[in-house]
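Enquirer: let me see the structure of the following:
(one chain, ligands or ions: 1)
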Amino acid sequence: MRLDVVTIFPDYLAPLRLSLVGKAVAAGIVDLRVHDLREWTHDKHRTVDDTPAGGGPGMVMRPEPWGEALDTLAPPGGPQPRLVVPTPAGVPFTQALADEYAAEPWLLFACGRYEGIDQRVIDHAGQRMRVDEVSIGDYVLAGGEAAALVIIEAVVRLLPGVLGNPESLTEESHTGGLLEYPVYTKPAHWRGLDVPPVLLSGHHGRIARWRRDQALRRTARRRPDLLARLPAEALDARDREV
Ligand SMILES: Nc1ncccc1[N+](=O)[O-]
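Expert: Reported below is the predicted structural model:
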């Protein structure tokens with residue numbers, strides 16, 4: 001997968017060279033390219049923003065540098081990336097979208113600062129590439145970089161060869177629509193607290209049942225919205241007793 005990130009704070013993306021994503025980049029699974037938007041400015045002050053049309057607070061990112069950046073990175077007529085624009089006004093980023101992105105050969109992240117990017121950048125790009133305005137949550141960050149880090153990590157960990165144990169992808173939160181059950185390890189007793197005995201029973205059927213019950217209870221308590229969204233056939237009769 002090719003991953004381009006355009007930002008005015010390239011250093012903010014340095015963590016992508018570390019840990020899991022860093023290993024995927026080093027292994028050549030991900031071709032990561034981080035670009036400074038100011039490369040596509042031509043004035044002395046390398047200006048990337050201006051006052052909002054129609055008035056109002058803050059500044060808006062000018063379209064010209066973005067247009068030139070996208071033309072350089074994805075020349076019209078050539079192969080096109082899927083453009084991901086992190087914004088609080090976006091559609092929710094979910095595990096399903098992460099799965100979709102993991103299947104894309106090329107993602108290009110446009111990280112906006114200030115009050116956002118001139119909408120014409122997105123509308124114009126949409127004439128030749130698929131564009132997603134995506135939100136990682138209902139709160140406002142200072143820019144799209146932190147969101148890009150979150151989205152990229154969620155996507156890259158799904159790529160074949162990245163996780164040592166791909167098994168763990170099957171039983172995690174939001175896979176299958178439920179939150180993950182609580183996990184334990186050694187020692188069996190710690191500060192007066194015990195590992196639930198069923199987990200030490202060696203009885204795999206009971207362990208699986210206990211884990212399912214815990215996942216259902218946790219989801220019902222913390223995320224009833226997820227439970228409401230589950231397709232009816234996802235819950236068996238036993239589940240409904242929990
Ligand atoms: N929540 C956000 N705030 C600012 C920029 C991007 C954001 N997001 O969720 O992608």
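Enquirer: so what's Cys177 closest to, chain neighbours aside?
Expert: Slight slip there: residue 177 is Gly, not Cys. Leu230 (4.9 Å; C-beta to C-beta, 6 or more residues apart in numbering). In short, each C-beta sits where N, CA and C put it, glycine included.
Enquirer: and the gap between that neighbour and the ligand?
Expert: 25 Å (C-beta to the nearest ligand atom, to the nearest Å).
Enquirer: per-residue pLDDT, that residue?
Expert: We have a pLDDT of 88 for Leu230.
Enquirer: got it, and Lys23?
Expert: Lys23 is given a pLDDT of 96.
Enquirer: domains for this structure, by residue range?
Expert: The chain breaks down into these domains under automatic domain parsing: 2-156, 171-241.
Enquirer: of the ones you listed, which shows the lowest average pLDDT?
Expert: Looking at the domains of the chain, the weakest mean confidence is domain 171-241, a mean of 93.
Enquirer: contact residues of the protein facing the ligand?
Expert: With the criterion set to C-beta under 6 Å from any ligand atom, the chain comes near the ligand through 86-88, 90, 135-137, 139-141, 143-144, 147.
Enquirer: isn't Ile151 up against Thr87?
Expert: No: contact criterion C-beta atoms under 8 Å: Ile151 and Thr87 do not qualify, at 11.8 Å.
Enquirer: give me the common contacts of those two.
Expert: Val134 (C-beta atoms under 8 Å, 6 or more residues apart in numbering).
Enquirer: what helix or strand does the residue nearest the centre of the chain sit in?
Expert: In the chain, the residue lying closest to the centroid (C-alpha atoms, centre = their mean) is Ile151, at 1.9 Å. Per DSSP states H and E: Ile151 is located in helix 145-156.
Enquirer: show me what secondary structure element comes after that helix.
Expert: Following helix 145-156 in sequence, per DSSP H and E, is strand 189-190.
Enquirer: which residue lies farthest from the center of this protein?
Expert: Gly192 (38.2 Å).
Enquirer: contacts only, for that one.
Expert: By C-beta under 8 Å, 6+ apart, no residues touch Gly192.
Enquirer: gap between it and Gln214?
Expert: 21 Å (C-beta to C-beta, to the nearest Å).
Enquirer: quick one: buried ones out of the residues of the chain next to the ligand?
Expert: With neighbours counted by 16 or more other C-beta atoms under 10 Å, these contain buried members at Pro86, Thr87, Gly90, Ser135, Ile136, Leu141, Gly143, Gly144, Ala147.
Enquirer: now distance to Ile29 and secondary structure too, for those residues, in CSV please.
Expert: Output for those, formatted as CSV (distance: C-beta to C-beta, whole Å; DSSP: H, G, I helix; E, B strand; the rest coil):
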residue, distance to Ile29, secondary structure
Pro86, 22, strand
Thr87, 28, strand
Gly90, 26, strand
Ser135, 27, strand
Ile136, 23, coil
Leu141, 28, coil
Gly143, 27, strand
Gly144, 24, coil
Ala147, 22, helix
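Enquirer: adding distance to Val34, write those residues out as TSV.
Expert: Output for these, formatted as TSV (distance: C-beta to C-beta, whole Å):
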residue	distance to Val34
Pro86	15
Thr87	19
Gly90	21
Ser135	22
Ile136	19
Leu141	18
Gly143	14
Gly144	13
Ala147	15
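Enquirer: re earlier: tell me the most buried of the domains of the chain?
Expert: Most buried of the domains of the chain by mean neighbour count (mean count of other C-beta atoms under 10 Å) is domain 2-156; its value is a mean of 17.
Enquirer: find the nearest non-adjacent residue to Gln214, please.
Expert: In space, Gln214 is closest to Tyr181, 3.9 Å off (C-beta to C-beta, 6+ apart).
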